[in-house]
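Novice: have a look at this prediction, sequence included:
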Amino acid sequence: MSTPGISSSTPKTPVTLNPPKDDPISLEELAKANGATPETPIYVAIKGTVFDVSGNRSSYGPGGAYHVFAGKEASRALAKSSVKPEDVRPEWQDLGDKEKGVLEDWYKFFSQRYNIIGKVPGLSNL
């Protein structure tokens, strides 16, 4: 898993995004958005913010390199640049400054490419 740097933060092709939403999305709702079927959306949460990554099904859908994040709050794994299932969880505040910086880079990366469709209540600062 490569870590996006500041230079890769801006998409090569401009992306038109909808205004961000902050609708509450429970962990149960998030878990259902795992791309299990072609009709099922794919959501990934970072720092409690839920991104719709359905448009990148080849990466986040079944068989994709990042499917482990589908329907999950993936902050810790992204901060650690890990695709290990045991790292895919919301807790990230105990990580070092370097990992927190990596997480912030991922947050920027996602926010410039994917629509923000809601927030998981209580998960922004674990």
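Specialist: Arrived safely, thanks for sending.
Novice: what helix or strand is the residue most central in space within the chain located in?
Specialist: Geometric centre of the chain, nearest residue: residue 44, 3.7 Å, by CA atoms, centre = their mean. Secondary-structure assignment from DSSP states H and E places residue 44 in strand 43-46.
Novice: what strands line up against that strand, and which way round?
Specialist: Looking at strand 43-46 with DSSP bridges, its partner strands are strand 49-52 (antiparallel), strand 72-73 (parallel).
Novice: what's the last one in contact with?
Specialist: Applying CB atoms under 8 Å, 6 or more residues apart in numbering, the contact partners of strand 72-73 are 27, 30-31, 34, 44-46, 48, 88-90, 120, 123. Where you see a C-beta, it was placed from the backbone N, CA and C, and this is true even at glycine.
Novice: give the next helix or strand downstream of that strand.
Specialist: helix 75-79.
Novice: residues making contact with that following helix?
Specialist: 45-47, 68-69, 82-84, 87-92, 95, 99-100, 102-103, 106, 126.
Novice: which of those fall in helices?
Specialist: When DSSP state H defines the helices, the subset of those inside them is 99-100, 102-103, 106.
Novice: got any ranges where the protein has weak pLDDT?
Specialist: The chain contains residues with pLDDT under 70 at 1-11, 124-126.
Novice: going by distance to residue 61, which of the contacts of strand 72-73 wins?
Specialist: residue 34 (8.8 Å; CB to CB).
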